[in-house]
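Colleague: sequence first, predicted coordinates after that:
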Number of protein chains: 2
Amino acid sequence: MKNGLGELALIERIRAGSTATEREGDSSIGHVGHSRARSLALGIGDDCAILRPPSGHEILVTTDFTLEGRHFRRDWHPPESVGHRTLARGLSDLAAMGARPQAAFLSLALPGDMLATRAGRTWVERFFTGLRALADRHGVPLAGGDTAESPCGLVLADIVLIGSAPSGRALRRSGGRPGDALYVTGALGGAASELAALQRSAAKPNSKPPRMPAPNRNASHPQTLPQPRIAVGRSLLRRRLANAAIDLSDGLSSDLAHLCRESGVGAEVFSAALPIHPLASQTSADRALHLALHGGEDYELLFSAPAALRVPRSMASVPITRIGRLVVGSSISLLDPAGRSTPLHPGGWEHFAKKQ
Amino acid sequence: MKNGLGELALIERIRAGSTATEREGDSSIGHVGHSRARSLALGIGDDCAILRPPSGHEILVTTDFTLEGRHFRRDWHPPESVGHRTLARGLSDLAAMGARPQAAFLSLALPGDMLATRAGRTWVERFFTGLRALADRHGVPLAGGDTAESPCGLVLADIVLIGSAPSGRALRRSGGRPGDALYVTGALGGAASELAALQRSAAKPNSKPPRMPAPNRNASHPQTLPQPRIAVGRSLLRRRLANAAIDLSDGLSSDLAHLCRESGVGAEVFSAALPIHPLASQTSADRALHLALHGGEDYELLFSAPAALRVPRSMASVPITRIGRLVVGSSISLLDPAGRSTPLHPGGWEHFAKKQ
């Protein structure tokens, strides 16, 4: 966690926006907005941040890139959305393990000319507005990170999330058993649908810069404002409902394959049971099914639970839908309403996939 | 911590090289090379890694970018050096706080064509060889991270280090008091000197690709193979010697300014006392002094201790040199042997500094 004096303005900006911290000899560092910030003993301004995890808890760590040109485009995504999505990717990994967020760390590389222009500075401010709004909603302090000048004119971010869970209780991908019922939260295919709409909008002649949707319209903007399912994950852990869990970032077909591989099982998915997002339903039925299976970036949870267990139809106001079951073996198939089975191959987001 | 199937080969490569982990239902994940890996309950292969910090300890977290074109150049630095330096940057932050390393997380974006060519794959392998060698020396498992295709043809890395220290005992930048003596470990200016040599070497006509120095020549290669002072930092903490500490990544003049700012003090540095690295001594005395003050990337420790305290001349086989003292106020000055005082302004490495 290094910074030259030239970075201080940026670090101060991050610091001023953070919900941390009880730093010794300095009472001027923003508000301790949430009781959870108590676990943060030292925030931005030293070589490391210091966390005090709750006793009897384990520490969970996840890191996720958000790279311009790979994970977002400045001409498609409003800056608040980029900040929101950067944090959401990490929070969603914590949600998948039922963890409580403790602190976030952001490494951010910005093009040198970005801080030299008003438009660039506004972009950075709006990025932090989006990131901070989501951080505040989940009570997670931005506790540090790194800054650098981007070597290639692109915005490069890497988010680190630290969470905690009672020892030995975190949900894992590997706990699925043959016979388990399979569930998903929320709806599928919406993020890919909205992305396609953003792309079409940007391609229009004289297209305007992307605008941020109103905050009360989150559910209608699964690409711009994906909602990490922290409350559902924690509830699954607390109520011991799930045998295995993963979040849907790559797409149902890919993430289900991860869960099955780690659990040593196969799976059957009932196509008619899939909760299709309204944005995806606006297209043909075939296209909607494709988006729900392979679209990716929905950041919903996929989990398995013993078939005999009563899983509520909604948790933390999020619908829960039973979409299939785990089976003996390693093959994953899609069953249509007529009972016909076709293999379900991973078709989600794959880095490097073209090259191998 | 997300990966599509196309990333699996790379993740498997990271996993095979890691010293972790006691993962359930899978005994094929490399060797648990060190007892410290016991604190890692779950490594690569789930949404998050899980750590079990020692009881009564706090968790320290630091993140550091290593970006091609900003922090290294492929035509100057051998790939093993890039891997080594990526990890060393994070370890050095832990050293500065006296922490014990627990786990490392690497986010790595590689140009798409790199995995498609033998030369590219060799570069990646040698990068991991360098990173792993340093990780093994300090018993720190590579516990996870993220991979992506670089959006701009450059290698982009972000390292996260998690460490632990007894609660309330971590060394901070803010503990310096007027009257403290100032100390540095090792020698200064070597990293900048070697960097200049690498640059000259690469500029020669028909220059060969950078070669890796022999591992037993670490001390002669402060730029290629900087040695994070983990053992010294832990000893300073254990023996309660230091009031404040920071690592020298930006350069003595910049990092001393950070320490003074956080401690609310000024400082005097005795120019004749500075331990100049032999590589820097090969130039003029003025140039050598400049490199020692402003060169940066030496990754030595700078710490303050009560003047009456007896600080050993070496710790963990690393020389310790008294170079000055902390004073009341906020000004930092350089005193020459004749007792003349000149202001010492930060002149180290500053991102964005040109633009502000």
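Modeller: Received the coordinates, thanks.
Colleague: show me the shaky parts of chain A.
Modeller: Filtered on pLDDT under 70, chain A yields the residue ranges A:1-38, A:214-218, A:348-356.
Colleague: and the helices in it?
Modeller: A:8-17, A:79-96, A:118-137, A:190-203, A:230-238, A:252-263, A:278-281, A:285-294 (DSSP state H).
Colleague: just name the most buried of these.
Modeller: Per-stretch averages of neighbours, counted by mean count of other C-beta atoms under 10 Å in any protein chain shown, single out helix A:79-96 among those, with a mean of 28. Using the backbone N, CA and C atoms, a C-beta is placed for each residue, glycine as well.
Colleague: can you tell me if that helix touches chain B.
Modeller: Yes: contact of helix A:79-96 with chain B (C-beta under 8 Å from any C-beta of the partner chain) involves A:89, A:93-94, A:96.
Colleague: so which pair among these is furthest apart in space?
Modeller: Spatially, the most separated pair among these is A:89 and A:96, at 11.4 Å (C-beta to C-beta).
Colleague: the closest residue to residue A:42 other than its chain neighbours: neighbour count?
Modeller: In this structure, residue A:42 finds its nearest non-sequential neighbour in residue A:50, 4.0 Å apart by C-beta to C-beta, 6 or more residues apart in numbering or on different chains. Residues lying near residue A:50 (other C-beta atoms under 10 Å in any protein chain shown) number 27.
Colleague: ok, residue A:50 touching residue B:53?
Modeller: No: at 11.6 Å, residue A:50 does not count as touching residue B:53 under the criterion of C-beta atoms under 8 Å.
Colleague: residues shared between the contacts of those two?
Modeller: Residues touching both residue A:50 and residue B:53 (C-beta atoms under 8 Å, 6 or more residues apart in numbering or on different chains): residue B:59.
Colleague: mind giving me the domain split of chain A?
Modeller: As assigned by automatic domain parsing, chain A contains the domains A:8-166, A:173-208+A:222-348.
Colleague: can these go into JSON lines with extra columns for distance to residue B:133?
Modeller: Shown next, in JSON lines, are the domains of chain A (distance: least, C-beta to C-beta, whole Å):
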{"stretch": "domain A:8-166", "distance to residue B:133": "22"}
{"stretch": "domain A:173-208+A:222-348", "distance to residue B:133": "30"}
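Colleague: of all the ones you listed, which lies closest to residue B:252?
Modeller: domain A:8-166 (15.3 Å).
Colleague: what residues does the stretch 101-250 of chain A put near chain B?
Modeller: So far as C-beta under 8 Å from any C-beta goes, the stretch 101-250 of chain A lies against chain B at A:103, A:105, A:107, A:109-110, A:112-113, A:115-116, A:143-154, A:156, A:158, A:160-163, A:165, A:167, A:170, A:172-174, A:246-247, A:249-250.
Colleague: in ChimeraX, how would I select just the buried ones from the residues you listed?
Modeller: If you want just the buried ones from those in ChimeraX, going by 16 or more other C-beta atoms under 10 Å in any protein chain shown, the selection is:
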select /A:103,105,107,109,110,115,143,144,145,146,147,148,149,150,151,152,154,156,158,160,161,162,163,165,170,172,173,174,246,247,249,250
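Colleague: strands - which of the residues of the stretch 101-250 of chain A next to chain B land there?
Modeller: A:103, A:105, A:107, A:109-110, A:143-149, A:156, A:158, A:160-163, A:165, A:246-247 (DSSP state E).
Colleague: could you tell me the end-to-end distance of stretch A:170-181?
Modeller: Taking C-alpha to C-alpha, to the nearest Å, stretch A:170-181 runs 19 Å from one end to the other.
Colleague: tell me how far it lies from the chain's centre.
Modeller: Computed by C-alpha atoms, centre = their mean, to the nearest Å, the chain-centroid distance of stretch A:170-181 equals 21 Å.
Colleague: before we move on, what about stretch A:49-62?
Modeller: That offset, for stretch A:49-62, works out to 20 Å (C-alpha atoms, centre = their mean).
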